[in-house]
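**Q** fold the following and give me the result.
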Amino acid sequence: MSAQVIARIEAVLTGTALPYTRPGSRSAIAKQPRQGPVTVGPEGLEGDEQGDRRVHGGPDKAIHHYARDHYAAWAAEIGAHPLLGQPGAFGENISTTGVTEAGICLGDRLRLGTAVVEVAQGRQPCWKLSDRFGVPDMARRVQDSGRSGWYYRVIETGQVQAGDDLVLLERPHADWPLPRLMDLLYRRTLDQDELRAALTLPLVPSWQRTFERRLEQGQTESWESRLQGPQASTGA
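**A** Residues are numbered from 1 along each chain as shown. Sure thing, here's the model as predicted:
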């Protein structure tokens, strides 16, 4: 396929890990826009941190992309929240207009500034979003809406800045847009034909194990720990 511009990068954001809302927790979800070029390395943007490396960051979650296009829908749903007035409300590293999950497939390769990245997985929201917004079920709303964003792994290092184009270079799995994959993850959870088809994809190890386990056991795992987090006062 020929290269195709699919979005404009509105902001490039990074954050510092700080104590968060619940005892013992840390987060870098409050990311801020960067001015000028930012180096894209094997594990993400220079200067970006993660509060809990067990579940955030690493090569398969190097960069989080969220569509600014969704902000209007969120404002209609939860009201004119102050976080929605600027990019970064969802802890994203890359904010764009022009493309959403419906226009992204697993394994897509894209030029991000001068770097090349690959779509590794959809974002699975956690309780830190609920605490950030002060909306108790915000993480579940994000999950159920499909407006969750996605993660890149870095194929070629480079630099990226606001104003750059996001360019689609390759689409090896055009039959697997992110909504199809996320539907299998959360709704059609025990569809055996879909599970077998998904297992032919270059899934990240955790998703591979999840789909294999569903086929073997005929059961869907619980997401409550991720969505609810430590059962304590948010302190918000």
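**Q** which stretches of the protein form strands?
**A** Remark: strands assigned in the chain by DSSP state E are 4-14, 18-19, 26-27, 32-33, 38-41, 44-45, 63-67, 94-97, 109-112, 115-122, 150-156, 158-160, 165-170.
**Q** who does the longest one touch, helix- and strand-wise?
**A** For strand 4-14, the helices and strands in contact under the criterion 3 or more C-beta pairs under 8 Å, 6 or more residues apart in numbering; DSSP states H and E are strand 32-33, strand 94-97, strand 165-170. Heads up, the C-betas are built off the backbone N, CA and C, glycines and all.
**Q** circling back: could you dump the strands of the chain to a markdown table with mean pLDDT, mean neighbour count and distance to A75?
**A** Listed next are these as a markdown table, based on pLDDT from 0 to 100; neighbours: other C-beta atoms under 10 Å; distance: least, C-beta to C-beta, whole Å:
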| stretch | mean pLDDT | mean neighbour count | distance to A75 |
| --- | --- | --- | --- |
| strand 4-14 | 97 | 19 | 16 |
| strand 18-19 | 94 | 12 | 26 |
| strand 26-27 | 94 | 19 | 23 |
| strand 32-33 | 98 | 13 | 20 |
| strand 38-41 | 98 | 20 | 28 |
| strand 44-45 | 97 | 26 | 27 |
| strand 63-67 | 98 | 24 | 14 |
| strand 94-97 | 98 | 23 | 15 |
| strand 109-112 | 98 | 22 | 27 |
| strand 115-122 | 98 | 22 | 22 |
| strand 150-156 | 98 | 21 | 21 |
| strand 158-160 | 98 | 20 | 27 |
| strand 165-170 | 98 | 17 | 24 |
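**Q** ok, back up a step: which among the helices and strands packed on strand 4-14 is found nearest to E212?
**A** E212 lies closest, by C-beta to C-beta, to one member of the helices and strands packed on strand 4-14: strand 165-170, at 26.7 Å.
**Q** the closest one pairs with which strands, parallel or anti?
**A** Partners of strand 165-170 in the sheet, by DSSP bridges, are strand 4-14 (antiparallel), strand 109-112 (antiparallel).
**Q** just give me the neighbour total for Q143.
**A** Applying other C-beta atoms under 10 Å, we find 23 residues neighbouring Q143.
**Q** tell me the pLDDT of it.
**A** pLDDT for Q143: 97.
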